[in-house]
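Colleague: Return atomic coordinates for the entry below.
(one chain, ligands or ions: 2)
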Amino acid sequence: MKVLVIGSGGREHALAWKIAQSEGVEQVFAAPGNPGIARLEKGRCIGITPSAFKDLEAFIAQEGIGLTVVGPEDPLAAGIVDRLSGAGHVVFGPTAAAARLEASKSFAKDFMARHEIPTAEHAVFTTAEPAILYVRKRGLPIVVKADGLAAGKGVTVARTLEDAEQAIWSIMVHRTFGEAGARVVIEDFLEGEEASILAFSDGRTVVAMPSSQDHKAAFDHDQGPNTGGMGAYSPAPVVSREMLPRIEQDILRRCVDGMAADGTPYTGVLYAGLMMTMDGPKVVEFNCRFGDPETQVVLPRMRSDLVPALLACCNGTLDMTPIEYDDGACVTVVMASGGYPGPYEKGKEISGLAEAEADPDVTVFHAGTKHGENGRLLTNGGRVLNVTARGKDLRQTIGKAYGAVKKIQFDGAHFRRDIGQKALNRP
Ligand SMILES: Nc1ncnc2c1ncn2[C@@H]1O[C@H](COP(=O)(O)OP(=O)(O)O)[C@@H](O)[C@H]1O
Ligand SMILES: [Mg+2]
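Modeller: Ligands and ions are numbered 1, 2, ... in the order given. Below you'll find the predicted structure:
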């Protein structure tokens, strides 16, 4: 079978890497992919962007692609699954109607309230003044969110009224995030530690993957501005063994049942961003796709072939598809360009990848790289590499990941030195 992965980041490299291990797969195409995917024995990158639905459809038909896997949220929200499956192709991911769980936070909050899924109390506004009055009445801290997709920048956790009002103003009046700010969601602040649970869904059956936790802040000890994610680890011990059935029952199960009952069955990966509060797990948000960088620590732990699981989600046979994981741990450290998440330079030469990957437990997923001349590899984004290690437990695996990071160099590289520490420093 030929498989097409849509997207170009570390998540898509991890997906292509895992899919390529499937015996039944002869080739993994990526649109547009990245040099890490191109270097896979079965990998091939094609110059089509994720938004070019027509070109993708033509390529899938012409190449006889048996399975298309959509990485990022934008094409999902724009209806790529509706379009490709409408043309008779097998495609992994939710329809646009189901992807509203991520693409509209007000939709998601109303949905959760209706289906009694535990989450923070909220209100939705279409103009600024009533939103500001609500904040004043509700008290601090409070969380202000642009309704639509804002590339992870639409949320402010406000600790002062000024911060809250400024966030509302910038979302609704200045339209910093464009149409994503036509509505604003204001929700109560949840206290606790965050974790991610990704789950497969075929519209009826939902199966959780192992827990993980990412590190959004740019610098050690969660300091500095938010980024796309500076690292991740799995499992996340904050999600205890006792907690899992509750997450499966009260969150994942209710979500998939609710979407089916509402006439928009959810297929693909359901990503629940959770706050582990004193009152139990609560949903911070749903995402409608594999997380980045969570995927880079969950897929390496999957012992089974990924392709049958993806296909089962597409054809409704997830209940008959066993999926197994190893008991160990996985850690990924993001190496970023100097200055990221602010302005940064591109085109710096990267060295030491082969040395880092000499350890069979280490895989370096590419996030922002490009080919240079004479086989050289250059930086081409803010987040450049996901240096990923597997091991028997978190402590050992963190050591392995940083051992590999030490062998890789590029001008201005920066990375957090405390990925996974939260898991070790637990009471
Ligand atoms: N109700 C909340 N209470 C506390 N923190 C929150 C809350 N909602 C969001 N956050 C914080 O803001 C971050 C981003 O919010 P999220 O809803 O995940 O939006 P997005 O990922 O689309 O930017 C979360 O990871 C969390 O750290
Ligand atoms: Mg989030």
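
Colleague: what sits against the spatially most central residue of the chain?
Modeller: Centroid-nearest residue in the chain, with Cα atoms, centre = their mean: Gly291, separated by 1.5 Å. Contacts for Gly291 (Cβ atoms under 8 Å, 6 or more residues apart in numbering) come out as Arg11, Ser196, Leu198, Ser212, Asp214, Tyr271. C-beta coordinates here come from the backbone N, C-alpha and C atoms, glycine included.

Colleague: So which of those residues sit within strands?
Modeller: Ser196, Leu198, Asp214, Tyr271 (DSSP state E).

Colleague: which residues does the second one bridge with?
Modeller: Leu198 has the following beta-bridge partners by DSSP bridges: Tyr271.

Colleague: Tell me where the model's unsure across the chain.
Modeller: For the chain, no stretch has pLDDT under 70.

Colleague: Spell out which parts of it neighbour ligand 2.
Modeller: With Cβ under 5 Å from the ion as the criterion, the chain comes near ligand 2 at residues Gly273, Glu285.

Colleague: Break the chain into its domains for me.
Modeller: 2-95, 127-182, 193-320, 329-424 (automatic domain parsing).

Colleague: CSV for the ones you listed, including distance to ligand 1?
Modeller: Output for the domains of the chain, formatted as CSV (distance: least, Cβ to the nearest ligand atom, whole Å):
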stretch, distance to ligand 1
domain 2-95, 9
domain 127-182, 4
domain 193-320, 4
domain 329-424, 13
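
Colleague: my guess is Leu149 meets Pro72, correct?
Modeller: No - using Cβ atoms under 8 Å, Leu149 is not in contact with Pro72; the gap is 10.0 Å.

Colleague: burial of Arg246, as a residue count?
Modeller: Using other Cβ atoms under 10 Å, Arg246 has 14 other residues around it.

Colleague: tell me which element it is part of?
Modeller: Using DSSP states H and E, the element containing Arg246 is helix 243-246.

Colleague: helices and strands around that helix, which ones?
Modeller: Using 3 or more Cβ pairs under 8 Å, 6 or more residues apart in numbering; DSSP states H and E as the contact criterion, the elements in contact with helix 243-246 are strand 280-287.

Colleague: circling back: okay, the domains of the chain in a markdown table with distance to Lys109 next?
Modeller: Output for the domains of the chain, formatted as a markdown table (distance: least, Cβ to Cβ, whole Å):
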| stretch | distance to Lys109 |
| --- | --- |
| domain 2-95 | 17 |
| domain 127-182 | 9 |
| domain 193-320 | 9 |
| domain 329-424 | 27 |
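
Colleague: of all these, which lies closest to Ser104?
Modeller: Nearest to Ser104 among these is domain 127-182; the distance by Cβ to Cβ comes to 5.6 Å.

Colleague: gap between the two ends of that closest one?
Modeller: 8 Å (Cα to Cα, to the nearest Å).

Colleague: Stretch 41-59 now?
Modeller: For stretch 41-59, the end-to-end distance is 21 Å (Cα to Cα).

Colleague: How about stretch 67-74?
Modeller: 19 Å.

Colleague: next one: it to chain centre, how far?
Modeller: Relative to its parent chain, stretch 67-74 has a centroid offset of 12 Å by Cα atoms, centre = their mean, to the nearest Å.

Colleague: Please apply the same query to stretch 129-143.
Modeller: That offset, for stretch 129-143, works out to 30 Å (Cα atoms, centre = their mean).

Colleague: quick revisit: checking the residue nearest to the centre of the chain next. Helix, strand or coil?
Modeller: coil (DSSP: H, G, I helix; E, B strand; the rest coil).

Colleague: how close does it get to Leu299?
Modeller: 11 Å (Cβ to Cβ, to the nearest Å).

Colleague: Next: His13.
Modeller: 10 Å.
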